[in-house]
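Asks: Quick one, fold the following:
(chains A and B)
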Amino acid sequence: MRCRRAQQMMTTAVDGELEPRRRRALDAHVAACESCRRELAATERMLSVLEALPMEAVVAEGLEQATLRRVRLAAAEEEERARAKWWRAWLPVPAVALATAAVAVLAFGVLRYSTGVSGPSGVSQSPGSHQDRVARAPAAASTPSPTARAEAPKAVDRPNEPPSELTAAPDKFMNLHILRNLEKLEHFEAIQTTTLDDEPATPGGDAQPSNG
Amino acid sequence: MKRIAAIVLFGLSVVVPAAAQWGRPWQELSPEEQQRAWENYQRYQQMPEQRQRMIERRYHQFQSLPPQEQQRLRQNYETYRGLDPGQRRQFVEKYHRWKGRK
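Replies: Next comes the predicted model:
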């Protein structure tokens, strides 16, 4: 097996969806190829981090409202200054721009560090609004990823007219994570009682409850 | 009689919320649910074709399951989601091991 082929299989392998025969081939390749071994370990780490991330980043409502209010104020002041004499108007513009940039940086920082909070946000969710875009930025959007499967979708606003495939079966997409892990979930109890090499085996067989 | 009614009510309380998650038309989803579905739709579009076919197959498989079984899978998913990264890694290792023994 070549490295490129091995790396194509890695995400599927980490999800446990690779056929046993291919998994063995991949294991054999990885055992002999240090580069792919590192790549596989990185893929495992990355996917476990991505799986643990919440689906939505939540911004505190108070902060968001305050930020928007300040931006509106700054915009109003700027408009007022534009009406003033031209020779006086240019002076405060850098200050307004700096204040707006500072507010934007602050909001961005809060958004980045609030990914530990899960659940729906308390802000209004009108489609396509600024609030919608800010509060719903995918938590993993800035996480680099070598695989297409693990990439968070680009921050594209939901269209007013959703694709027919989506409206035909919205539950398929709402429950995509369940469908992706369906085999694991079907045999969840049996998998949890499977022992690994580093766990003590019971004398009567290989099935032993674990803490996992 | 009261016992039967209690059992029926309990069964409904378990099954109805699970069933309500599936089969709802797009218009009945909340804005949050529509957004989640839209984001997952984009993820789906980025998947290789083979993976999309697998999801499609599993979707039909899931729909054909009895509501109690769907609820069990949903609960298992919540448990799986609640695992910390170390526990999840161990679970995935066990899954590989389990699958290899099948």
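
Asks: C-terminal to the lowest-mean-pLDDT helix or strand in chain A, what's the next element?
Replies: Sorting the helices and strands of chain A by mean pLDDT, DSSP states H and E puts helix A:130-135 at the bottom, at a mean of 39. As assigned by DSSP states H and E, the chain's next helix or strand after helix A:130-135 is helix A:164-168.

Asks: Output the contacting helices and strands for that following helix.
Replies: If you count contacts as 3 or more Cβ pairs under 8 Å, 6 or more residues apart in numbering or on different chains; DSSP states H and E, helix A:164-168 packs onto helix B:31-46. For glycine as for every other residue, the C-beta is placed from the backbone atoms N, C-alpha and C.

Asks: pLDDT on the helix it packs on, on average?
Replies: Helix B:31-46 comes out with an average pLDDT of 91.

Asks: Distance from the chain centre to it, please.
Replies: 15 Å (Cα atoms, centre = their mean, to the nearest Å).

Asks: which parts of it are buried?
Replies: Neighbour counts over helix B:31-46 (16 or more other Cβ atoms under 10 Å in any protein chain shown) mark B:33-44, B:46 as buried.

Asks: Contacting chain A as well, which ones from these?
Replies: For chain A, the contacts drawn from the buried residues of helix B:31-46 by Cβ under 8 Å from any Cβ of the partner chain are B:33-44, B:46.

Asks: Against A:Cys3, how distant is A:Arg22?
Replies: Distance, A:Arg22 to A:Cys3, by Cβ to Cβ, to the nearest Å: 15 Å.

Asks: err, A:Val71, not the other one
Replies: A:Val71 is 49 Å from A:Cys3, by Cβ to Cβ.

Asks: Against A:Arg180, how distant is A:Arg23?
Replies: 18 Å.

Asks: Also A:Asp197?
Replies: Distance from A:Asp197 to A:Arg180, by Cβ to Cβ: 27 Å.

Asks: More neighbours: those two, which one.
Replies: A:Arg180 (23 against 7; other Cβ atoms under 10 Å in any protein chain shown).

Asks: all helices of chain B, in order?
Replies: B:2-20, B:31-46, B:49-63, B:67-82, B:85-101 (DSSP state H).

Asks: so which of those helices comes closest to A:Lys184?
Replies: When these are compared by Cβ to Cβ, helix B:85-101 sits nearest A:Lys184, at 5.5 Å.

Asks: pLDDT averaged over the closest one, what's the number?
Replies: 89.

Asks: helices or strands up against that helix?
Replies: helix A:20-32, helix A:34-52, helix A:182-186, helix A:188-192.

Asks: quick revisit: so which of the helices of chain B is nearest A:Arg158?
Replies: Nearest to A:Arg158, of the helices of chain B and by Cβ to Cβ, is helix B:31-46 at 4.3 Å.

Asks: the inter-axis angle of that closest one versus helix B:49-63?
Replies: Helix B:31-46 runs at 140 degrees relative to helix B:49-63, counting by axes from the mean of the first three to the mean of the last three Cα atoms, to 10 degrees.

Asks: Using PDB, write out the CA atom coordinates for helix B:31-46.
Replies: What follows is helix B:31-46, C-alpha atoms only, in PDB (Å, rounded to 0.1, in the frame of the first residue of the first chain):
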ATOM      1  CA  PRO B  31     -34.600  28.000  13.300                       C
ATOM      2  CA  GLU B  32     -31.900  26.300  15.400                       C
ATOM      3  CA  GLU B  33     -32.800  22.900  14.000                       C
ATOM      4  CA  GLN B  34     -32.900  24.200  10.400                       C
ATOM      5  CA  GLN B  35     -29.500  25.800  11.000                       C
ATOM      6  CA  ARG B  36     -28.100  22.500  12.400                       C
ATOM      7  CA  ALA B  37     -29.600  20.500   9.500                       C
ATOM      8  CA  TRP B  38     -28.100  23.100   7.000                       C
ATOM      9  CA  GLU B  39     -24.600  22.800   8.600                       C
ATOM     10  CA  ASN B  40     -24.800  19.000   8.500                       C
ATOM     11  CA  TYR B  41     -26.000  19.200   4.900                       C
ATOM     12  CA  GLN B  42     -22.900  21.100   4.100                       C
ATOM     13  CA  ARG B  43     -20.800  18.400   5.900                       C
ATOM     14  CA  TYR B  44     -22.600  15.700   4.000                       C
ATOM     15  CA  GLN B  45     -21.800  17.400   0.700                       C
ATOM     16  CA  GLN B  46     -18.100  17.300   1.500                       C
END
